[in-house]
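Student: after the sequence you'll find the predicted model.
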Amino acid sequence: MTEPKLSDHTDYVYLPDTATARDLATYLIRARSVDPQAAVRLQANGEVLGVSVCVLAPETLLDSTPTVIGLRAIRLAQPTEVDLTVEASALLDRLARIEEAGLALALPPVTVTAPWAGRTAPRSGWEKKGFYLSDHARATAQEGIGAVDGALPANPGHAVVATVRSRIWSSPLQAPDTTVSLPAGAAFALEVLGFLPPRATEPLPVFASGRWARISARAGHVLVYSAASA
(Lines give C-alpha, C1' and ligand atoms only; values in the text may rest on other atoms or scores of the structure.)
Protein backbone atom coordinates (compact mmCIF):
# COMPACT_ATOMS: atom_id res chain seq x y z
CA MET A 1 0.00 0.00 0.00
CA THR A 2 1.09 3.59 -0.59
CA GLU A 3 0.68 6.47 1.83
CA PRO A 4 -2.89 7.00 3.10
CA LYS A 5 -4.75 10.04 1.84
CA LEU A 6 -7.96 11.89 2.62
CA SER A 7 -10.78 11.34 0.16
CA ASP A 8 -14.23 12.80 -0.50
CA HIS A 9 -16.73 9.94 -0.55
CA THR A 10 -19.98 8.63 0.88
CA ASP A 11 -19.84 8.79 4.68
CA TYR A 12 -21.89 5.68 5.48
CA VAL A 13 -23.26 2.42 4.16
CA TYR A 14 -26.24 0.92 5.95
CA LEU A 15 -26.24 -2.77 6.87
CA PRO A 16 -29.52 -4.68 7.28
CA ASP A 17 -28.76 -6.46 10.58
CA THR A 18 -26.10 -7.35 13.13
CA ALA A 19 -25.59 -10.79 11.56
CA THR A 20 -24.39 -9.12 8.37
CA ALA A 21 -22.05 -6.90 10.38
CA ARG A 22 -20.59 -9.91 12.20
CA ASP A 23 -20.16 -11.78 8.92
CA LEU A 24 -18.31 -8.84 7.38
CA ALA A 25 -16.08 -8.50 10.44
CA THR A 26 -15.19 -12.20 10.32
CA TYR A 27 -14.29 -11.88 6.66
CA LEU A 28 -11.98 -8.93 7.33
CA ILE A 29 -10.35 -10.71 10.27
CA ARG A 30 -9.63 -13.63 7.96
CA ALA A 31 -8.08 -11.27 5.41
CA ARG A 32 -5.84 -9.77 8.10
CA SER A 33 -4.64 -13.25 9.05
CA VAL A 34 -2.96 -13.27 5.62
CA ASP A 35 -1.75 -9.66 5.81
CA PRO A 36 -2.08 -7.63 9.03
CA GLN A 37 -1.86 -4.47 6.89
CA ALA A 38 -4.57 -5.68 4.50
CA ALA A 39 -6.48 -3.20 2.37
CA VAL A 40 -10.12 -3.71 1.41
CA ARG A 41 -11.87 -2.35 -1.66
CA LEU A 42 -15.53 -1.38 -1.24
CA GLN A 43 -17.67 -1.07 -4.37
CA ALA A 44 -21.41 -0.45 -4.61
CA ASN A 45 -23.83 0.90 -7.18
CA GLY A 46 -27.16 -0.02 -5.65
CA GLU A 47 -28.10 -2.33 -2.79
CA VAL A 48 -25.13 -4.73 -2.98
CA LEU A 49 -21.68 -3.92 -1.58
CA GLY A 50 -18.74 -5.78 -3.09
CA VAL A 51 -15.96 -6.28 -0.53
CA SER A 52 -12.64 -7.31 -2.08
CA VAL A 53 -9.41 -8.34 -0.35
CA CYS A 54 -6.11 -9.54 -1.75
CA VAL A 55 -4.57 -12.89 -0.86
CA LEU A 56 -1.67 -12.94 -3.35
CA ALA A 57 -0.17 -10.29 -5.63
CA PRO A 58 3.09 -9.54 -7.44
CA GLU A 59 5.63 -7.51 -5.49
CA THR A 60 7.14 -5.75 -8.55
CA LEU A 61 6.22 -4.96 -12.15
CA LEU A 62 8.44 -7.80 -13.38
CA ASP A 63 7.00 -10.31 -10.90
CA SER A 64 4.89 -12.98 -12.66
CA THR A 65 3.00 -13.90 -9.49
CA PRO A 66 -0.75 -14.03 -10.22
CA THR A 67 -3.13 -11.70 -8.42
CA VAL A 68 -5.62 -13.60 -6.24
CA ILE A 69 -8.56 -11.64 -4.84
CA GLY A 70 -11.44 -12.65 -2.59
CA LEU A 71 -14.85 -11.04 -3.15
CA ARG A 72 -17.86 -11.05 -0.84
CA ALA A 73 -21.22 -9.55 -1.78
CA ILE A 74 -22.99 -7.85 1.14
CA ARG A 75 -26.67 -6.86 0.91
CA LEU A 76 -27.26 -3.27 2.02
CA ALA A 77 -30.32 -1.81 3.71
CA GLN A 78 -30.18 1.27 1.48
CA PRO A 79 -28.78 1.75 -2.04
CA THR A 80 -25.54 3.69 -2.33
CA GLU A 81 -22.67 4.44 -4.67
CA VAL A 82 -19.13 3.97 -3.46
CA ASP A 83 -15.75 2.82 -4.75
CA LEU A 84 -12.84 3.23 -2.36
CA THR A 85 -10.00 1.29 -0.81
CA VAL A 86 -9.33 1.55 2.92
CA GLU A 87 -7.41 -0.26 5.63
CA ALA A 88 -9.21 -3.37 6.85
CA SER A 89 -8.24 -2.50 10.42
CA ALA A 90 -9.98 0.89 10.16
CA LEU A 91 -13.16 -0.73 8.90
CA LEU A 92 -13.04 -3.32 11.69
CA ASP A 93 -12.80 -0.54 14.27
CA ARG A 94 -16.03 0.93 12.92
CA LEU A 95 -17.78 -2.44 12.71
CA ALA A 96 -17.09 -2.92 16.42
CA ARG A 97 -19.29 0.11 17.13
CA ILE A 98 -21.94 -0.41 14.48
CA GLU A 99 -24.78 -1.44 16.84
CA GLU A 100 -24.40 1.86 18.69
CA ALA A 101 -24.60 3.62 15.31
CA GLY A 102 -27.90 2.00 14.33
CA LEU A 103 -26.23 -0.28 11.74
CA ALA A 104 -24.82 2.72 9.87
CA LEU A 105 -21.27 1.72 8.97
CA ALA A 106 -19.08 4.82 8.93
CA LEU A 107 -16.57 4.58 6.12
CA PRO A 108 -12.99 5.52 7.03
CA PRO A 109 -12.12 9.05 5.84
CA VAL A 110 -8.61 7.97 4.86
CA THR A 111 -8.13 5.86 1.74
CA VAL A 112 -5.10 3.86 0.65
CA THR A 113 -3.71 2.87 -2.73
CA ALA A 114 -3.18 -0.84 -3.32
CA PRO A 115 -1.94 -1.93 -6.78
CA TRP A 116 -4.23 -4.97 -6.85
CA ALA A 117 -7.28 -2.75 -6.32
CA GLY A 118 -6.52 -1.08 -9.63
CA ARG A 119 -7.51 -4.26 -11.45
CA THR A 120 -11.24 -4.69 -11.95
CA ALA A 121 -12.66 -8.00 -13.12
CA PRO A 122 -15.12 -7.82 -16.03
CA ARG A 123 -18.83 -7.75 -15.27
CA SER A 124 -19.73 -9.87 -18.30
CA GLY A 125 -18.19 -12.21 -20.84
CA TRP A 126 -17.57 -15.04 -18.39
CA GLU A 127 -17.61 -18.58 -19.79
CA LYS A 128 -18.00 -21.66 -17.63
CA LYS A 129 -14.89 -23.83 -17.78
CA GLY A 130 -15.72 -26.79 -15.57
CA PHE A 131 -15.54 -27.06 -11.80
CA TYR A 132 -13.20 -27.53 -8.85
CA LEU A 133 -14.02 -29.85 -5.95
CA SER A 134 -14.07 -28.19 -2.55
CA ASP A 135 -12.32 -31.09 -0.82
CA HIS A 136 -9.41 -30.74 -3.26
CA ALA A 137 -9.24 -27.03 -2.44
CA ARG A 138 -9.11 -27.69 1.29
CA ALA A 139 -6.41 -30.36 0.94
CA THR A 140 -4.32 -28.17 -1.39
CA ALA A 141 -4.61 -25.19 0.95
CA GLN A 142 -3.55 -27.18 4.01
CA GLU A 143 -0.63 -28.72 2.12
CA GLY A 144 0.51 -25.29 0.96
CA ILE A 145 0.19 -23.78 4.43
CA GLY A 146 2.43 -26.55 5.75
CA ALA A 147 4.92 -25.99 2.94
CA VAL A 148 5.10 -22.26 3.66
CA ASP A 149 5.62 -22.86 7.39
CA GLY A 150 8.29 -25.45 6.67
CA ALA A 151 10.19 -23.20 4.25
CA LEU A 152 10.36 -20.13 6.49
CA PRO A 153 13.34 -19.59 8.79
CA ALA A 154 12.97 -18.29 12.32
CA ASN A 155 11.98 -14.61 12.44
CA PRO A 156 11.78 -14.09 8.67
CA GLY A 157 11.55 -10.59 7.21
CA HIS A 158 8.79 -9.41 4.88
CA ALA A 159 10.86 -10.04 1.75
CA VAL A 160 11.55 -13.65 2.71
CA VAL A 161 7.90 -14.31 3.59
CA ALA A 162 6.73 -12.75 0.31
CA THR A 163 9.20 -14.81 -1.74
CA VAL A 164 8.24 -18.11 -0.11
CA ARG A 165 4.51 -17.44 -0.33
CA SER A 166 4.81 -16.38 -3.97
CA ARG A 167 6.74 -19.51 -4.91
CA ILE A 168 4.34 -21.92 -3.22
CA TRP A 169 1.02 -20.23 -3.99
CA SER A 170 1.96 -19.49 -7.62
CA SER A 171 2.50 -23.18 -8.35
CA PRO A 172 -0.10 -24.77 -10.67
CA LEU A 173 -3.23 -26.13 -9.05
CA GLN A 174 -4.15 -29.74 -9.77
CA ALA A 175 -7.71 -29.29 -11.05
CA PRO A 176 -8.51 -31.93 -13.69
CA ASP A 177 -12.18 -30.95 -13.97
CA THR A 178 -11.51 -27.49 -15.40
CA THR A 179 -9.68 -26.30 -18.51
CA VAL A 180 -8.50 -23.14 -16.75
CA SER A 181 -4.97 -22.94 -15.35
CA LEU A 182 -5.25 -21.89 -11.71
CA PRO A 183 -2.59 -21.21 -9.05
CA ALA A 184 -2.54 -23.01 -5.70
CA GLY A 185 -3.21 -19.59 -4.17
CA ALA A 186 -6.80 -19.85 -5.40
CA ALA A 187 -7.33 -22.85 -3.12
CA PHE A 188 -5.65 -20.99 -0.27
CA ALA A 189 -8.00 -18.03 -0.77
CA LEU A 190 -11.07 -20.29 -0.71
CA GLU A 191 -9.92 -21.82 2.57
CA VAL A 192 -8.50 -18.84 4.45
CA LEU A 193 -11.41 -16.53 3.59
CA GLY A 194 -14.03 -19.07 4.68
CA PHE A 195 -15.56 -19.63 1.25
CA LEU A 196 -15.44 -23.43 1.21
CA PRO A 197 -18.83 -25.10 1.73
CA PRO A 198 -19.31 -27.57 4.60
CA ARG A 199 -20.07 -30.43 2.21
CA ALA A 200 -16.63 -31.83 1.44
CA THR A 201 -17.11 -32.79 -2.20
CA GLU A 202 -19.28 -29.92 -3.44
CA PRO A 203 -18.22 -28.83 -6.96
CA LEU A 204 -17.40 -25.14 -7.33
CA PRO A 205 -17.97 -23.74 -10.84
CA VAL A 206 -14.99 -22.18 -12.61
CA PHE A 207 -15.36 -19.34 -15.12
CA ALA A 208 -12.92 -17.48 -17.37
CA SER A 209 -12.87 -14.13 -19.17
CA GLY A 210 -9.63 -13.12 -20.87
CA ARG A 211 -6.84 -13.13 -18.31
CA TRP A 212 -9.31 -13.49 -15.46
CA ALA A 213 -10.57 -16.69 -13.85
CA ARG A 214 -13.22 -17.02 -11.17
CA ILE A 215 -14.14 -19.77 -8.72
CA SER A 216 -17.60 -19.21 -7.29
CA ALA A 217 -18.91 -20.52 -3.98
CA ARG A 218 -22.05 -19.61 -2.07
CA ALA A 219 -20.01 -17.67 0.48
CA GLY A 220 -17.96 -15.69 -2.03
CA HIS A 221 -15.79 -15.67 -5.13
CA VAL A 222 -12.08 -16.02 -5.77
CA LEU A 223 -10.78 -14.00 -8.72
CA VAL A 224 -7.44 -14.72 -10.37
CA TYR A 225 -5.63 -12.40 -12.76
CA SER A 226 -2.72 -14.02 -14.58
CA ALA A 227 0.05 -12.40 -16.57
CA ALA A 228 -0.63 -14.85 -19.39
CA SER A 229 -4.05 -15.64 -20.86
CA ALA A 230 -5.89 -18.50 -19.12
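Tutor: Perfect, I can see it now.
Student: could you find the closest non-adjacent residue to Leu95?
Tutor: Ala25 (4.6 Å; C-beta to C-beta, 6 or more residues apart in numbering). Every residue, glycine included, has its C-beta placed from N, CA and C.
Student: and that neighbour, how far is that from Leu105?
Tutor: Separation of Ala25 from Leu105 (C-beta to C-beta, to the nearest Å): 10 Å.
Student: then Leu196?
Tutor: 26 Å.
Student: how many residues are close by His158?
Tutor: Per other C-beta atoms under 10 Å, the neighbour tally for His158 reads 9.
Student: if you could redo that for Tyr225, that was the one I meant.
Tutor: If we define neighbours as other C-beta under 10 Å, then Tyr225 has 19 of them.
Student: show me what contacts Gly102?
Tutor: Neighbouring residues of Gly102 by C-beta atoms under 8 Å, 6 or more residues apart in numbering: there are none.
Student: got a pLDDT number for Ala101?
Tutor: We have a pLDDT of 76 for Ala101.
Student: let me know the secondary structure of it.
Tutor: Here Ala101 is coil, with the state taken from DSSP: H, G, I helix; E, B strand; the rest coil.
Student: residues contacting Ala213?
Tutor: With contacts defined as C-beta under 8 Å, 6+ apart, Ala213 is in contact with Lys129, Val180, Ser181, Leu182, Ala186, Val206, Phe207, Leu223, Val224, Ser226, Ala230.
Student: can you show me the helices along this structure?
Tutor: Taking DSSP state H as the criterion, the chain carries its helices at 18-34, 88-95, 134-151, 158-169, 184-192.
Student: check the offset of the shortest one from the chain's centre.
Tutor: From the chain centre to the centre of helix 88-95 is a distance of 16 Å (C-alpha atoms, centre = their mean, to the nearest Å).
Student: so what does that helix touch, helix or strand wise?
Tutor: Helices and strands touching helix 88-95, by 3 or more C-beta pairs under 8 Å, 6 or more residues apart in numbering; DSSP states H and E, are helix 18-34, strand 39-56, strand 104-106.
Student: relative to strand 39-56, how tilted is the first one?
Tutor: Translated: helix 18-34. Per axes from the mean of the first three to the mean of the last three C-alpha atoms, to 10 degrees, the angle that helix 18-34 makes with strand 39-56 is 50 degrees.
Student: what sits up against helix 18-34?
Tutor: With C-beta under 8 Å, 6+ apart as the test, helix 18-34 has contacts from 15, 38, 40, 51, 53, 55, 70, 72, 74-75, 88-89, 91-92, 95-96, 98-99, 103, 105, 192-194, 220.
Student: how does it look with 7 Å?
Tutor: 15, 38, 40, 51, 53, 55, 72, 74-75, 88-89, 91-92, 95, 98-99, 103, 192-194 (C-beta atoms under 7 Å, 6 or more residues apart in numbering).
Student: just the buried residues out of the residues you listed, in PyMOL syntax.
Tutor: In PyMOL, the members of the contacts of helix 18-34 classed as buried (16 or more other C-beta atoms under 10 Å) are selected with the following command:
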select buried, resi 15+38+40+51+53+55+72+74+88+91+92+95+98+103+192+193+194
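Student: pull the longest strand from this structure.
Tutor: strand 67-87 (DSSP state E).
Student: give me the distance from that strand to the chain's centre.
Tutor: The answer for strand 67-87 is 11 Å, by C-alpha atoms, centre = their mean.
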